[in-house]
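Asks: Give the three-dimensional model of this entry:
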Amino acid sequence: MKKLIFSFIYRYILGWKKVVLVPDYDKCVMCVAPHTSNWDLLFGKIFYNALGRKASFMMKKEWFFFPLGMLFKGIGGIPVDRGRKTSLVDQMVENFKKKKRFHLAITPEGTRKANSEWKKGFYFIAMKAQVPIILIGIDYPSKTITVGKAITPSGDFEKDLNEIKLYFKDFKGKKPENFSLGKVHE
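Replies: Numbers count the residues shown, from 1 in each chain. Just a heads-up that it's a prediction; the model follows:
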């Protein structure tokens, strides 16, 4: 029933489309881009619920104040302290070990501003947890979210990151000027 409600909201109220070309893995890191607006979280959560799936996401701990903290935790938020030098990779790998089913959504830019130096954590979490990286592109002009590719980390970060960035080259965020791929080799 929940899936039907979210599907109705996503398609008929918001007018968005979905393209899903990748199987529903029990465990995966979802690399979601471009991330240029706070609206990405809302549309992404509605989209993933419309697929009948549950996703967790990391968010800076400053957003987890009362009452928003309860809401964010309720929809899958995991508060992180980016100021401390604790290993977020190891913390997230532990979540993968403990759970039978765990989908972790990460925006590789790490910010809603243009950043050509993408964060590496999503890659190393997937590699250490031995789970695939699912590439999910948000395209505001066509109002489409696409789950279009799965990548198994090879250990060659630069090669794999180039392939990941190339996947996102045709997606446009809500604020396209806030998205940067940096250097990619076709």
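
Asks: What strand or helix carries Glu158?
Replies: Per DSSP states H and E: Glu158 is located in helix 157-167.

Asks: how near is the closest residue to Lys97 other than its chain neighbours to Phe66?
Replies: Nearest residue to Lys97, sequence neighbours excluded (Cβ to Cβ, 6 or more residues apart in numbering): Ala129, at 7.5 Å. For every residue, glycine as well, the C-beta is placed using N, CA and C. As judged by Cβ to Cβ, to the nearest Å, Ala129 and Phe66 stand 32 Å apart.

Asks: Tell me which of those two has more neighbours.
Replies: Ala129 (21 against 7; other Cβ atoms under 10 Å).

Asks: Could you pull up the residues touching the more buried one?
Replies: Applying Cβ atoms under 8 Å, 6 or more residues apart in numbering to Ala129 gives the contacts 27, 29, 92-93, 96-97.

Asks: if we go to 10 Å?
Replies: Residues near Ala129 by Cβ atoms under 10 Å, 6 or more residues apart in numbering: 27-29, 89, 92-97, 102, 104, 153.

Asks: Please apply the same query to Asp160.
Replies: Counted by Cβ under 10 Å, 6+ apart, Asp160 has contacts 123, 126-127, 133, 151-154.

Asks: let's see it at 7 Å
Replies: 123, 151, 153-154 (Cβ atoms under 7 Å, 6 or more residues apart in numbering).

Asks: Distance from the helix holding Glu158 to the middle of the chain?
Replies: Distance, stretch centre to chain centre, for helix 157-167: 16 Å (Cα atoms, centre = their mean, to the nearest Å).

Asks: Also stretch 126-138?
Replies: Stretch 126-138 has its C-alpha centroid displaced from the chain centroid by 9 Å (Cα atoms, centre = their mean).

Asks: Pull out the buried positions in it.
Replies: By 16 or more other Cβ atoms under 10 Å, the buried positions in stretch 126-138 come out as 126-127, 129, 131-138.

Asks: Just give me the closest of the residues you listed to Leu166.
Replies: Closest approach to Leu166 among these (Cβ to Cβ): Leu135, at 10.0 Å.

Asks: tally of neighbours for the closest residue to Lys61 other than its chain neighbours?
Replies: Distances taken as Cβ to Cβ, 6+ apart place Pro79 nearest to Lys61, at 4.1 Å, with adjacent residues excluded. Number of residues near Pro79 (other Cβ under 10 Å) recorded here: 14.
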